[in-house]
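# no sequence on hand, only this structure:
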């Protein structure tokens, strides 16, 4: 190990040991006893997620722990993520701490940084409340990311026109054919809910697990051809003879205007639009079997973060009922902790949609899904 690597390891070890030894796990000290510590948070997302942090989490956290202040850096739709990763990597290789104390980013960056030793591997010793988190999403990130909220793609339908909601993907396909022009999904290159419908067509004929792991072989994509054929056959029955809008919001707007009666939508965005009165009162949301894709949103702690104690305190607080109810109330997301820790009223509200989700294809396969959809489904239209 070179000098820079040894210095990085010493910084990480010392910082982590300090964090674990903090009395009361970062509890608030006497007001005015010291200058506040500023934590630098880099958050990827849309404006609703920025509001969750800036209007919900941050004010509540700093009130509970007045020794901390927060500098929030919003990365709209992930713009600027490459630069953040490069900054963390450069600091590690130089043996310096980084001013990125916490990062919410795409899984691909986390996976890319694991061999470089860029992240703190989380545990109950570092984050006691992590014991409330289901093990599956923790293991999916190899404990290098903390799932603090989640969502899945579901089927949104207008019950005024859809009297019998679909229970399976085949039911959705049959409904589309019987009601031409009243369904669409967004361009999968612009939103996850479109990716969900496209991958559901592919998963109809293959095992999702084969494409969700770390391996990649383009030859395996030959098995997707039945899915592409199904999607091609559905094109004439889509809204406006095969129109796929850009983005999740555009699909919700078509539902709001009743131009379409059914679509694949993100659970959190659909429920939030409904709560705000931006969808008809007759809108309903349901998950089909097998479920459409979804994911847990994770925050990652750089191993060379300058303020490990404070960030571990924040991570532990994110898994408290106070923070998790903000996820529910502000963005209609799923909690990061197990549903059994949530009030019965919350479990009742989400009972039709919170039924697990299918895995995303890994980043390489997903890139091919988006590219091939254009080539094999919409080319020439």
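Cool, got the structure. Because the structure is predicted, anything quoted here is derived from the model rather than measured.
# what sits closest to residue 212 if chain neighbours are left out?
Leaving aside its sequence neighbours, residue 212 sits nearest to residue 359 (C-beta to C-beta, 6 or more residues apart in numbering; 3.7 Å). Every C-beta, even on glycine, is put in place using the N, C-alpha and C of the backbone.
# let me see the contact set for that neighbour.
Applying C-beta atoms under 8 Å, 6 or more residues apart in numbering, we find residue 359 in contact with 208, 209, 212, 293.
# please check those residues and keep the buried ones.
Buried residues within the contacts of residue 359, defined by neighbour count using 16 or more other C-beta atoms under 10 Å: 208, 212, 293.
# how close does the first one get to residue 77?
Same thing as residue 208. 25 Å (C-beta to C-beta, to the nearest Å).
# again with the second one
Shown here: residue 212 relative to residue 77, a distance of 23 Å by C-beta to C-beta.
# so how far is residue 169 from the closest residue in space to residue 254 that isn't next to it in sequence?
Distances taken as C-beta to C-beta, 6+ apart put residue 260 closest to residue 254, at 4.7 Å, once the chain neighbours are dropped. Distance of residue 260 to residue 169, given as C-beta to C-beta: 18 Å.
# which one of the two has more residues nearby?
residue 260 (26 against 20; other C-beta atoms under 10 Å).
# isn't residue 297 up against residue 105?
No - between residue 297 and residue 105 there is no contact under C-beta atoms under 8 Å: 9.7 Å.
# for residue 332, see how far away the residue nearest to residue 212 is.
Distance, residue 359 to residue 332, using C-beta to C-beta: 22 Å.
# burial check on residue 312, number of neighbours?
26.
# which SSE is it in?
helix 308-318 (DSSP states H and E).
# any stretches of the protein with poor pLDDT?
1-33, 380-381 (pLDDT under 70).
# what are the boundaries of the strands in it?
When assigned using DSSP state E, the strands of the chain occupy the ranges 37-45, 68-76, 102-104, 146-158, 183-184, 262-266, 283-286, 294-300, 334-335.
# tell me how far the nearest residue to residue 175 once chain neighbours are set aside lies from residue 308.
Using C-beta to C-beta, 6+ apart and skipping the chain neighbours, the partner closest in space to residue 175 is residue 166 (5.8 Å). In this view, residue 166 and residue 308 are 48 Å apart by C-beta to C-beta.
# kindly report the same for residue 207.
Taking C-beta to C-beta as the measure, residue 207 falls 40 Å from residue 308.
# the two: who's more crowded?
The neighbour comparison of residue 207 against residue 308 (other C-beta under 10 Å) goes to residue 308, with 26 against 9.
# I'd say the more buried one and residue 314 touch.
No - look at residue 308 against residue 314 with C-beta under 8 Å: they stay out of range, at 10.7 Å.
# tell me the domain boundaries of this structure?
According to automatic domain parsing, the chain comprises the domains 3-150+296-349, 151-294+354-378.
# okay, residue 334 and residue 201: tell me how far apart.
As judged by C-beta to C-beta, residue 334 and residue 201 stand 24 Å apart.
# of those two, who's got more company?
Using other C-beta under 10 Å, the more surrounded residue of residue 334 and residue 201 is residue 334, with 26 against 23.
# neighbours of the residue nearest to that one when sequence neighbours are not counted, how many?
Excluding its sequence neighbours, the residue lying closest to residue 334 (C-beta to C-beta, 6+ apart) is residue 150, at 3.9 Å. Residue 150 has 21 neighbours, counted by other C-beta under 10 Å.
# what's the answer for residue 75, then?
For residue 75, using other C-beta under 10 Å, the count is 18.
# so who does it touch?
Taking C-beta under 8 Å, 6+ apart, we find residue 75 in contact with 42, 43, 44, 45, 81, 84, 105.
# how many residues are close by the closest residue in space to the fourth one that isn't next to it in sequence?
Read that as residue 45. Ranked by C-beta to C-beta, 6+ apart and with sequence neighbours excluded, the top spatial neighbour of residue 45 is residue 104, at 6.9 Å. Here the number of neighbours of residue 104 (other C-beta under 10 Å) works out to 22.
# my guess is residue 104 meets residue 50, correct?
No - using C-beta under 8 Å, residue 104 is not in contact with residue 50, being 10.7 Å away.
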